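**Student:** Pasted the sequence and its predicted model underneath.
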Amino acid sequence: MASRNYLIMSDDMTLTDKKEYRQKALAAGLERCAIKGIGDIKSDIPALGDIPDSKKALRVNTIQGYIMSGAWPKSIDQRELAPLTDLVVPTALDMWLTAALAVIGTPYSCFQAVAAPQLIQDKLMVCYGISVESVGVPMPISRVIFRRGGAAGNIQAQFDAELLGTRLQPDAFFSEPVVIDPLDTFAIQVLCRNATGVAEIVHIHNFLFESTGLVIA
């Protein structure tokens, strides 16, 4: 697990900071799309095809510069995750919702009863922040955990969410975006800090990428 995983409070960021961070997250997702064969951004973005896959930072910076100019690769569509249609096993409701938080120190999936979701083929997701709407005080969660391989899989990233409670802020950005590949089994969990006994809305801010024309909203 990377040691640089932490939350940046939304109130500590300017509007420019937030815009630049979202552009960085978009660029990271598009770079991964090129690796996973979603769309054809090596053709869409000038000079990207000349940069080796091994030079990830340069590729991301090139993509970020391209989208900052107001352009967008024509072979890829981007939107937010739709839990009812973008997962192999859909959630019960079209929203981010945990099961009832009943036991302190226990991890709960952000996808209701789906403990180990998968994105369907040709969809890739980048997660970049969190918002919590809780019925309880104090803040009901203490950590946000991303895992590869399912509910007991290896930790991909972990963020300390205590500051959301101590600073009375419901929104934060991740210190770095988390990328989830198509068809990979994963988990996004929160650790119960306050056993409210009800389901909690824990919205993970995200960008979902897919080849152009797969979904018409």
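**Tutor:** Done, it's in. Numbering: from 1, shown residues only.
**Student:** List the buried residues for the lowest-mean-pLDDT helix or strand in the chain?
**Tutor:** Taking mean pLDDT, DSSP states H and E as the measure, the helix or strand of the chain with the lowest value is helix 162-166, at a mean of 89. By neighbour count on 16 or more other C-beta atoms under 10 Å, the buried set for helix 162-166 is 163-165. Where C-beta positions appear, they are placed from N, C-alpha and C, glycine not excepted.
**Student:** List the contacts of it.
**Tutor:** Outside of helix 162-166, the residues within contact range by C-beta atoms under 8 Å, 6 or more residues apart in numbering are 7, 9, 130, 132, 138-139, 141-142, 169-170, 172, 193.
**Student:** what two of those residues are the furthest from one another?
**Tutor:** Farthest apart among these by C-beta to C-beta are 9 and 193. That separation is 17.1 Å.
**Student:** who has more neighbours, the two?
**Tutor:** Remark: of residue 9 and residue 193, residue 193 carries more neighbours, 20 against 13, as counted by other C-beta atoms under 10 Å.
**Student:** Return the residues in contact with the more buried one.
**Tutor:** Residue 193 neighbours (C-beta under 8 Å, 6+ apart): 104, 138-142, 161-162, 165.
**Student:** The residue nearest to residue 93 when sequence neighbours are not counted and residue 98, how far apart?
**Tutor:** Once flanking residues are discounted, residue 93 sits nearest to residue 112: 6.7 Å by C-beta to C-beta, 6 or more residues apart in numbering. As for residue 112, its distance to residue 98 is 7 Å (criterion: C-beta to C-beta, to the nearest Å).
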